[in-house]
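Enquirer: Structure of the sequence below:
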Amino acid sequence: MIYMDNAATTAIRREVVESMLPYLINDYGNPSGVYRLSERAKNAVEESRRVIADIINADSDEIFFTSGGTESDNWAIKAEGLERKKGNIIVSSIEHHAVTESALWMKKQGIDVTFAPVDEFGIIRLDYLKKIIRRDTFLISVMLANNEIGTIQPVEEVSRLAGKYGAKVHSDAVAAFGHIDVDVKKLGVDYLSVSGHKICGPKGTGFLYVKGGNPVPYMHGGAQERDRRAGTENVAGIVGLATAARIAADTINERSKQEKRISEYMTKRILREIPYSRLNGDLRNRVPGNMNFSFQYANGGMLVVMLNKQGICASAGSACTSNSGKPSHVLLGIGLDDELAESSLRLTINHTITHREADYVVECIKKDVEKLRKLVL
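Expert: The predicted structure follows:
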């Protein structure tokens, strides 16, 4: 199989598995215990916290371990909203559903929610954001990079604007972390969400960065995570997450160069050789390895099925909403109509893809798109 859906999940690295094994077999103690077995587990958790904090230029007490990006997004949006109890939240129109649905849930609790539009490339319109931000706006959520079209957002500029109004900024960095540099101080954010399984780490792991390290408690029933998130720590998962994050940070330059080289090659071929095709998102201002195309008169879902039969794993959009039966809100948000949005194909590669594999995928897409168009034209 040629795997081209790394935005959905990634293969866990062997080094990550090896780092986890001791805490599954020998050092399996509960970090909350008082004996030596527990102390080793607790030390592993705290060392992992330090590793991740160093990578994003944070303090270790600002890192809180979670079950993944969805929980981290929920925590940032809901906890901040429940603490304020009233006021306004601004969310970009192409956020992950973990953010948009959390914001809509807060709306039911009495919080006013405003959705900020993006331009045709998926970049938040700062001019419009300046018009809709209010004195009672207490949180703005703008993802660092979009998971469907790869567009990188001007989060630094959003943070500067938010600061003038005393508003906090949350950024979902799940699609960005491990692909581009993430420095929370440079970005100026107050919250940042990351998921482990998008960086060759274990599923069910992630973290939330909280500026100042004093978030509203999200789960109750225990004193874990400094009384902020109850529940016995997933020690092996946390260690695996930190190992994956360290490897991602150490190899980011070489991986990004290869991913960019192959994705640019594929993009040029597809746009040149397949009529009525378009690249969704910004051509250059995007995370390496992300390609999202629309092929007019060709259904994206059927295209994915056809590619699968030829040994190619791809997607028609976010894995979290692939079974919804609705056009992508991201593609609609950048101005595509329903028909064109439903003709989309997302390819997200890693550094192991070869030119030979890339050529095979492009040739398959060309033939399959032609077959699908013959059914409707």
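
Enquirer: pull the helix or strand with minimum mean pLDDT from the chain.
Expert: Least confident helix or strand of the chain, by mean pLDDT, DSSP states H and E, is helix 224-227 with a mean of 91.

Enquirer: Now do the phi/psi pair for the residue nearest to residue 190 when sequence neighbours are not counted.
Expert: Distances taken as CB to CB, 6 or more residues apart in numbering put residue 168 closest to residue 190, at 4.0 Å, once the chain neighbours are dropped. C-beta coordinates here come from the backbone N, C-alpha and C atoms, glycine included. The phi/psi pair for residue 168 (degrees, to the nearest 10) reads phi -90, psi 160.

Enquirer: Double-check residue 168 against residue 80; I have them as touching.
Expert: Yes. Assessed by CB atoms under 8 Å, residue 168 is found in contact with residue 80 at 6.5 Å.

Enquirer: So what are the structural domains in this structure, by residue number?
Expert: 2-8+252-376, 14-248 (automatic domain parsing).

Enquirer: what about the first one, average pLDDT?
Expert: Domain 2-8+252-376 shows an average pLDDT of 93 in the prediction.

Enquirer: Residue 51 belongs to a strand?
Expert: No. If the criterion is DSSP: H, G, I helix; E, B strand; the rest coil, then residue 51 is helix and not within a strand.

Enquirer: That one: what's it in contact with?
Expert: Residue 51 makes contact with 242, 245-246 under the criterion CB atoms under 8 Å, 6 or more residues apart in numbering.

Enquirer: Return the subset of these lying in helices.
Expert: Secondary structure from DSSP state H places 242, 245-246 of these in helices.

Enquirer: Just to be sure, residue 158 is in a strand?
Expert: No. Residue state for residue 158 (three-state DSSP) corresponds to helix; a strand is not indicated.

Enquirer: Pull the contacting residues for the closest residue to residue 311 other than its chain neighbours.
Expert: Excluding its sequence neighbours, the residue lying closest to residue 311 (CB to CB, 6+ apart) is residue 1, at 5.2 Å. The contact partners of residue 1, by CB under 8 Å, 6+ apart, come to 311-313.

Enquirer: count of neighbours near residue 286?
Expert: 25 (other CB atoms under 10 Å).

Enquirer: before we move on, back to that, highest average neighbour count across the domains of the chain?
Expert: Among the domains of the chain, the stretch with the highest mean neighbour count (mean count of other CB atoms under 10 Å) is domain 14-248, at a mean of 20.

Enquirer: starting at the chain centroid, how far to that one?
Expert: Distance, stretch centre to chain centre, for domain 14-248: 10 Å (CA atoms, centre = their mean, to the nearest Å).

Enquirer: now swap in stretch 350-370 and tell me
Expert: 24 Å.

Enquirer: With only the CA atoms kept, save that stretch in PDB.
Expert: The C-alpha trace of stretch 350-370 is given here as PDB (Å, rounded to 0.1, in the frame of the first residue of the first chain):
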ATOM      1  CA  ASN A 350       5.600  11.900   4.700                       C
ATOM      2  CA  HIS A 351       9.300  11.900   4.000                       C
ATOM      3  CA  THR A 352       9.400   8.200   3.000                       C
ATOM      4  CA  ILE A 353       7.500   8.700  -0.200                       C
ATOM      5  CA  THR A 354       9.500   8.200  -3.400                       C
ATOM      6  CA  HIS A 355       9.300   9.700  -6.900                       C
ATOM      7  CA  ARG A 356       8.400   6.400  -8.300                       C
ATOM      8  CA  GLU A 357       5.400   6.100  -5.800                       C
ATOM      9  CA  ALA A 358       4.400   9.700  -6.500                       C
ATOM     10  CA  ASP A 359       4.400   9.000 -10.300                       C
ATOM     11  CA  TYR A 360       2.200   5.900  -9.800                       C
ATOM     12  CA  VAL A 361      -0.300   7.800  -7.700                       C
ATOM     13  CA  VAL A 362      -0.500  10.700 -10.200                       C
ATOM     14  CA  GLU A 363      -1.100   8.200 -13.100                       C
ATOM     15  CA  CYS A 364      -3.800   6.400 -11.100                       C
ATOM     16  CA  ILE A 365      -5.500   9.700 -10.300                       C
ATOM     17  CA  LYS A 366      -5.400  10.800 -14.000                       C
ATOM     18  CA  LYS A 367      -7.000   7.500 -15.200                       C
ATOM     19  CA  ASP A 368      -9.600   7.400 -12.400                       C
ATOM     20  CA  VAL A 369     -10.700  11.100 -12.800                       C
ATOM     21  CA  GLU A 370     -11.100  10.400 -16.500                       C
END
